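Engineer: Coordinates for the following, if possible.
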Amino acid sequence: MKCLKEPLSRLVNRQEGTRGTFFEGRFKSIAILDEEAMLATCAYIDLNPVAAGLVPVPEAGEHTPIKQRVEHVAAQGRVEDVKAAEQGSVAGVARSSGVEEGLWLCPIEDRRGLDSAREGMLAGVTLGNYLLLVDYTGRLFREGKAAISGELSGVFARLGSSAESWQSRLFKLSAGRLLGRFFAVTRQRLRDVAQRLGVRHLANLASCAAP
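Structural biologist: Model prediction:
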């Protein structure tokens, strides 16, 4: 990210005839170490317009990945297939086959073991599951609470997480309270990185890890 930001800053300064830092201190470069952390980061990005009070629902955000995902599904006429996949049943998951194939964004569901050559974020977590998760989190941001459906409980179970852990993680992200250079859900993942880097204290690596 450092190698990417420096030339961009120089380019903008040349175009604007200015000098100095283009990316201020609040822009951080943090490595994401596991799949749930990646999913949480995606949800955080998709919910930025909701958290800022710019739009009432995530898919209404003009420049968000979730808007592109929803429009792609609608253009294929496969809204009902995505809704069916929210249930987590074998039949529902089968109906989501190919729904993310033609979109340039990384698929939410990793279906390489089923019917796709494309690498996705998480096996067993469909686009329908993700939309359900983002909707739930958006209501948390707007109202401070939200009901957990049976389908959503199943998503948390597949992630090996809980509603409480997810809520804590997303609120930390939205408040800009991520510290360190890495973002992981489990402390074991951080310990692995710490051992590889020769770092003794996990606090120097990241926040948002579970105990």
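
Engineer: For the rest of this, base every contact and every neighbour count on C-alpha atoms.
Structural biologist: Fine.

Engineer: CA atoms only for stretch 118-126, dumped as CSV, please.
Structural biologist: Extracted in CSV, the C-alpha atoms of stretch 118-126 (Å, rounded to 0.1, in the frame of the first residue of the first chain):
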residue,chain,number,x,y,z
ARG,A,118,-12.9,-18.4,-9.5
GLU,A,119,-11.5,-18.0,-6.0
GLY,A,120,-14.1,-16.4,-3.6
MET,A,121,-13.8,-15.2,0.0
LEU,A,122,-15.5,-18.0,2.0
ALA,A,123,-16.7,-21.5,1.1
GLY,A,124,-20.2,-22.1,2.3
VAL,A,125,-21.1,-18.4,2.7
THR,A,126,-23.2,-17.3,-0.3
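
Engineer: buried ones in that stretch?
Structural biologist: 120, 121, 122, 123, 124, 125, 126 (16 or more other C-alpha atoms under 10 Å).

Engineer: right, and the fifth one touches residue 113 too?
Structural biologist: Right, the one you point to is residue 124. No: using C-alpha atoms under 8 Å, residue 124 makes no contact with residue 113, being 10.3 Å away.

Engineer: Tell me the secondary structure at the residue most central in space within the chain.
Structural biologist: Nearest residue to the geometric centre of the chain (C-alpha atoms, centre = their mean): residue 42, 2.0 Å. Assigned with DSSP: H, G, I helix; E, B strand; the rest coil, residue 42 falls in the helix class.

Engineer: domains of this protein?
Structural biologist: As assigned by automatic domain parsing, the chain contains the domains 1-32, 35-177, 179-211.

Engineer: want to throw those into CSV with mean pLDDT?
Structural biologist: What follows is the domains of the chain, written out as CSV (pLDDT from 0 to 100):
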stretch, mean pLDDT
domain 1-32, 77
domain 35-177, 85
domain 179-211, 67
